[in-house]
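**Student:** Fold the following, please.
(one chain, ligands or ions: 1)
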Amino acid sequence: MSKDFTYLDNNATTRIDPAVVAEMMPFLTERYGNPSSGYRFGREVNSAIETARERVAALLGCEPEEVVFTSCGTESTNTAIQSAIQMDRDRQHIVTTRVEHSATLKTCEGLARRGQPVTWLGVNSEGQVDLAELGNSITDETALVSVMWANNETGVMFPIGEIAGIVRGKGVVFHTDAVQVIGKLPVALRDLPVNFLSLSGHKLHAPKGVGVLYVNRRTKFLPFVTGGGQEGGRRGGTQNVAGIVGLGKACELAAESIAHEATVVRALRDEFENGILACVPGAQVNGDRVHRLPNTTSLAFAGVESEAMLILLDQEGLCCSAGSACTTGQHEPSHVLRAMGFDDTRARGSLRFSFSRFNTREDVARALQLVPQAVEKVRRVVAAA
Ligand SMILES: *Cc1c(COP(=O)(O)O)cnc(C)c1O
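**Tutor:** Now for the predicted structure:
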């Protein structure tokens, strides 16, 4: 494939690593057995799933038995929430934040509409929650605290170790949406008092349609997708074998490239960000620049509509986004930037650029040429109007 575009939207999805595709191919062709079948043609497919489970567990620093394969990050999150609120009729309260991905946000909004008590924690202008407020919001009726590890729009990272400790101290179940963290930063779930953690294949160079819910082995659990006894009775339905095998390979590759994320990918992001701040007057970074993913920058451009920017950049073959992919098309200002206290104008004038190990310095150079041009063009049109 000729590369006639520059892809800086890796928080929306990532390129499947060619080594992942190679690992998957046999399971899309001759190795089509059902992993639940008792004969060898099925058992061998099952053992490929178990290898993938071990590879995922190695990246997460947990036991293979704690890894449940699902269809996506969204399903993982739905499963964790539903399991927690169905465990105890007297514990129905949910604590979450205003900046979650729609997987959590819409699920909790839907539950709230049906009378479920939900506490929505706000964030400050850096995108950080108040830990005292979080602790105080937990009551005897709290079923679950669900807080994302890193924000998909700004890259801002919550102190999940501290938060998990607070929640565990109150004896409450804790779920974290770690979709943006896994593969970018090292994690060790053995040392972290987390009950549930969600991740998604297509955010770490595996295919779409496969995810994981980590279920701590001492955590009570009820399945969300019920049916056959697959996944140790924790998720019914014949597994997406090729996707799972691909995710396993992607986790193995991520473990090898995690240092690269923190150095090379971070350097690409920083070179781009510093370049923009230096040459675009009125450009600002949204959110905490210290506690942040190494690959993400959310930039506000004063006096610019991001929708217009996206059209111009698309014409030039640059892929980036305004807010999350899941909310584009709605023309709503980002709920994350609004929650940080930014007005509609700043929220509507912001773009997210997210890098991966497949990006190069040429991509950065190209973006540093195209983005300032587009800002200038939009500003000229606005000034003339
Ligand atoms: C992409 C994303 C999800 C959803 O994952 P899918 O596999 O696309 O359902 C959830 N949370 C965050 C933070 C994400 O970035």
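**Student:** pLDDT value on the closest residue to residue 163 other than its chain neighbours, please?
**Tutor:** Of all residues not flanking residue 163 in the chain, residue 147 sits nearest, at 5.6 Å (Cβ to Cβ, 6 or more residues apart in numbering). (C-beta placed from N, C-alpha, C; glycine too.) According to the model's per-residue confidence, residue 147 sits at a pLDDT of 98.
**Student:** ok, now how distant is residue 147 from the ligand?
**Tutor:** According to Cβ to the nearest ligand atom, to the nearest Å, residue 147 stands 11 Å off from the ligand.
**Student:** Over to residue 5?
**Tutor:** The span separating residue 5 from the ligand equals 21 Å under the rule Cβ to the nearest ligand atom.
**Student:** give me every residue that touches that residue.
**Tutor:** Applying Cβ atoms under 8 Å, 6 or more residues apart in numbering, we find residue 5 in contact with 317, 318, 319.
**Student:** And it, how far from residue 323?
**Tutor:** Look at residue 5 and residue 323: by Cβ to Cβ, to the nearest Å, they are 20 Å apart.
**Student:** Residue 40 now?
**Tutor:** Spatial separation of residue 40 from residue 323 under the definition Cβ to Cβ is 49 Å.
**Student:** where do the helices sit along the chain?
**Tutor:** Per DSSP state H, the chain carries helices over the ranges 18-28, 40-60, 73-86, 102-113, 131-137, 160-169, 230-233, 241-260, 266-279, 306-315, 335-339, 344-348, 361-384.
**Student:** any low-confidence regions in the chain?
**Tutor:** Counting by pLDDT under 70, the ranges of the chain that qualify are 1-3, 324-331.
**Student:** could you redo the last one with a cut-off of 50?
**Tutor:** Flagging of the chain using pLDDT under 50 yields the residue ranges 1-2, 326-327.
**Student:** Show me it divided up by domain.
**Tutor:** For the chain, whose domains are defined here by automatic domain parsing, the residue ranges read 6-15+258-384, 18-253.
**Student:** about what we covered before: pretty sure the residue nearest to residue 163 sits against residue 98.
**Tutor:** No: with contact defined as Cβ atoms under 8 Å, residue 147 and residue 98 do not form a contacting pair (11.1 Å).
**Student:** picking up where we left off before, out of residue 40 and residue 323, which sits in the more crowded spot?
**Tutor:** Between residue 40 and residue 323, counted using other Cβ atoms under 10 Å, residue 323 has the larger neighbour count: 23 against 10.
**Student:** Can you give me the neighbour number for residue 88?
**Tutor:** Other residues within reach of residue 88 by the criterion other Cβ under 10 Å amount to 12.
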